[in-house]
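> let's see this in three dimensions:
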Amino acid sequence: MNLEDKDESFLSEHRLEGYAYCRSRRHKTKEMQLLWAQNQIRNHQIKTWFQMIKNLCESRQISVIPLKGLALIDGIYKNDGERCLSDMDLLVEVQNLPTFAVEVQKLGFQRQLSKKGA
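Residues are numbered from 1 along each chain as shown. Prediction:
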């Protein structure tokens, strides 16, 4: 994708501001820098929360696998600010869901099941 041709409304709609800020000369604005920095802070927090959940699950012998953005952020992006994370998508075996839900709720998280096929 050629980011130089994309306007800020397109970038905002697809949550690509941080990516554009890092990878495009045209989008090196103060506004894009601020959005990139906000991504970094939020994503660092989400990664910290995931590490807490992962440690808890390991202590309970529950396998938890990150999916989507959380799974990709350390592998394909140059830094945490490039990708906009807003949640954690986690895969847990069905038989472990009740225990997982109780333990994670003790940490203050809320369970939100995805719709079938989503």
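> distance of the spatially most central residue of the chain relative to F10?
The residue lying closest to the centre of the chain (CA atoms, centre = their mean) is L85, at 3.1 Å. From L85 across to F10, the span is 20 Å (CB to CB, to the nearest Å). All C-beta spots, glycine's among them, are computed from the backbone N, C-alpha and C.
> can you check I46 too?
For I46, the distance to F10 - CB to CB - is 25 Å.
> more neighbours: which of those two?
I46 (19 against 12; other CB atoms under 10 Å).
> give the contact list for the more buried one.
L70, L85, D87, M88 (CB atoms under 8 Å, 6 or more residues apart in numbering).
> same check on M88?
Contacts of M88 (CB under 8 Å, 6+ apart): I46, W49, F50, I53, P66, L70.
> mind checking the SS state of the fifth one?
With DSSP: H, G, I helix; E, B strand; the rest coil as the basis, the three-state label of P66 is strand.
> what is it paired to in the beta sheet?
When bridges are called by DSSP bridges, P66 pairs up with L90.
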